[in-house]
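1. Fold the following, please.
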Amino acid sequence: MNRIETKIVIMVSQRLSAAKESEEKTDLIEELSENLYQRYLDLAASGLPEKEALSRTMESLGDVEELLAYLEEADGLAGREKRDVRPDETGSTSAGGEKEASGETEWKSEKGAASDPKWKFSFSAEELGNEIEEMVNAAMATARVAVDCARDVARDVTQQFRNRYPDGVFTQFHTEQGQRNDGAAVWDGKIDGLECRLTNGDVHVSVTQDPEGGVEIDGDAEEIESILKENGTLLIRQGRTASSSFLFHRGVRRTDIEIRLPGRLWDRIEISTINGDIRLDPELVCHTLSLQSVNGDCRVEGVTCDQAKVQLSSGDLEIRRMKGALTAESKNGDLSVSGEFGACTLASVSGDIGFAGKALKLDGGSSSGDLALRMEGLPEELKAVSKSGDVSVQVPRDEGFCLTYRTISGDFSTNLTLEDRGQKEKNREAAYLGGGSSRIGMFTGSGDLHLFA
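-> Residues are numbered from 1 along each chain as shown. Down below sits the predicted model:
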């Protein structure tokens, strides 16, 4: 650790000195210091003297009151987890502070007189204490499991965030140069690209009817910073300070925003959020579109673009009336897509895939989900694969095609009159209406295949 790094660690530690020493505090100081040091390097590289660069770096730490509250809550949670109830070795203590000796225990009335003999119990204070201890330990064990699960989720989200921003989120944010605005804003001028990065929050993009209008940012925008970069791209992101950035990616803060774009051709639209949904309204037209969410759904309607790419981890994807080329994948979610496409690739590990519309080339695959593809026109090439799910393809009745299919333990069914062309490399081959230039492939391991018009 060099001299500047050491200074930053000391100054961050001083700002958080009101918090009790804990593992969470140590981790927080380490993370903030790393991000602030990268911020310092950026400022120093821009030509600022060391003293000024360090001063501006520490200003960007922001208000630490929420961080102190976060550490206090974390410390209280850890304290409750460690607390245990143990009976006194010589006997239990009553609410009034009187120690009850081991032996027969009896209930007494409010006045202190002995109660009816039938309410006497033949268990000792030691036995009572042991039973209480077992009950408390069982409850604490359940609480520990819940706490561990919550921490695992937090670590998972944090790791995903660090994987995405290996040099620190604050560094990624503040290397950008350009005109800045905080909170809700209206941007005018030459803007042909949009880049929106959120950690916790939903993003809603709509289109206005004025092609010469400005970009409007609205919603819970108190912690939103927007930057018009020199290349004409408007960058929108959460966390104006290191403190707020930390709280966002820990899930303590959340911001939902709406972005209204003028109705014109956009060069590039990129939207990403870790914990949030993405929604795009009709009439958006762009050259390239990129959408990413770790824990959220995505809904797109009436969008036209040359190339679109959607990546979801655990959310569902719904696309309606899209035009262009599309690559979409979701690890654990379903994909439902309709429109007119050049090339279209759809993939899910455990989700179902649905398609309706036209495509020159369609490639759909799922490990354990079902595929249901309704083609309004025959593609040049169609490939539908599922390891253990069913595959269903609907085609026009009056267009010919060549078919290759295989199912290991399932059935194949069709309402079309096919010309059987034998077997090739474990696959069955057939043709409809004499074949043609269109090729269709249907494959599943343990599911069924359905081909119909």
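2. ok, Cys344 - contacts?
-> Cys344 makes contact with 325-327, 337, 355, 359, 361-363, according to Cβ atoms under 8 Å, 6 or more residues apart in numbering. C-beta here means a position set from N, CA and C on the backbone, and glycine is covered the same way.
3. got a pLDDT number for it?
-> Here the pLDDT value assigned to Cys344 is 98.
4. what sits opposite it in the beta ladder?
-> Leu326, Leu362 (DSSP bridges).
5. Equivalent analysis for Glu340, please.
-> Here Glu340, judged by DSSP bridges, has bridge partners Lys323, Lys358.
6. Wait, it touches Ala356, no?
-> No: applying Cβ atoms under 8 Å as the test, Glu340 and Ala356 come out as separate, 10.7 Å apart.
7. Next, the distance between the ends of stretch 58-71.
-> 20 Å (Cα to Cα, to the nearest Å).
8. can you pull the buried residues of that stretch?
-> 58, 60-62, 64, 67-68, 70-71 (16 or more other Cβ atoms under 10 Å).
9. Which one of those residues is nearest to Asp281?
-> Gly62 (33.6 Å; Cβ to Cβ).
10. just the helices in this protein please.
-> 3-15, 23-45, 50-59, 65-82, 125-164, 169-174, 242-249 (DSSP state H).
11. List of residues touching the third one?
-> To tie it back to what came earlier, the one meant is helix 50-59. 4, 7-8, 11, 36-37, 39-40, 43-44, 48.
12. just these now: which is nearest Ile236?
-> Distances from Ile236 to the contacts of helix 50-59, taken by Cβ to Cβ, are shortest for Arg39, at 19.5 Å.
13. where does the closest one land on pLDDT?
-> So Arg39 comes in at 78 (pLDDT).
14. re earlier: and the contacts of helix 50-59 as JSON lines, adding neighbour count and distance to Arg197?
-> Below are the contacts of helix 50-59 laid out as JSON lines (neighbours: other Cβ atoms under 10 Å; distance: Cβ to Cβ, whole Å):
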{"residue": "Ile4", "neighbour count": "17", "distance to Arg197": "27"}
{"residue": "Lys7", "neighbour count": "17", "distance to Arg197": "29"}
{"residue": "Ile8", "neighbour count": "24", "distance to Arg197": "24"}
{"residue": "Met11", "neighbour count": "16", "distance to Arg197": "27"}
{"residue": "Leu36", "neighbour count": "25", "distance to Arg197": "19"}
{"residue": "Tyr37", "neighbour count": "21", "distance to Arg197": "21"}
{"residue": "Arg39", "neighbour count": "24", "distance to Arg197": "17"}
{"residue": "Tyr40", "neighbour count": "22", "distance to Arg197": "22"}
{"residue": "Leu43", "neighbour count": "20", "distance to Arg197": "21"}
{"residue": "Ala44", "neighbour count": "16", "distance to Arg197": "25"}
{"residue": "Leu48", "neighbour count": "16", "distance to Arg197": "25"}
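15. State the pair within those that is farthest apart.
-> Maximum distance among the contacts of helix 50-59 (Cβ to Cβ): 17.1 Å, for Met11 and Leu48.
16. Flag the shaky bits of the protein, pLDDT-wise.
-> Residue ranges of the chain with pLDDT under 70: 66, 74-189, 221-223, 239-253.
17. how does it divide into domains?
-> Domain segmentation of the chain under automatic domain parsing yields 3-83, 179-315, 320-453.
18. Pull out the buried positions in stretch 347-365.
-> 347-348, 350-355, 357-359, 362-365.
19. Can you dump the C-alpha atoms of that stretch in CSV for me?
-> C-alpha atoms of stretch 347-365 as CSV (Å, rounded to 0.1, in the frame of the first residue of the first chain):
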residue,chain,number,x,y,z
ALA,A,347,-31.8,-19.5,-25.4
SER,A,348,-32.8,-20.5,-21.9
VAL,A,349,-31.4,-23.1,-19.4
SER,A,350,-34.6,-23.9,-17.5
GLY,A,351,-37.2,-21.7,-19.1
ASP,A,352,-39.7,-22.1,-21.9
ILE,A,353,-39.4,-20.4,-25.3
GLY,A,354,-42.3,-19.1,-27.3
PHE,A,355,-42.0,-17.5,-30.7
ALA,A,356,-44.6,-16.1,-33.1
GLY,A,357,-43.8,-14.3,-36.4
LYS,A,358,-41.3,-14.3,-39.2
ALA,A,359,-37.5,-14.9,-39.2
LEU,A,360,-35.0,-15.6,-42.0
LYS,A,361,-33.1,-17.7,-39.5
LEU,A,362,-34.4,-19.0,-36.1
ASP,A,363,-32.4,-20.8,-33.5
GLY,A,364,-34.1,-21.8,-30.3
GLY,A,365,-32.7,-23.9,-27.4
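20. What's the local residue count around the nearest residue to Arg254 once chain neighbours are set aside?
-> Computed as Cβ to Cβ, 6 or more residues apart in numbering, the closest residue to Arg254 that is not its neighbour in sequence is Asn200, at 4.2 Å. Asn200 sits with 22 neighbouring residues when counted by other Cβ atoms under 10 Å.
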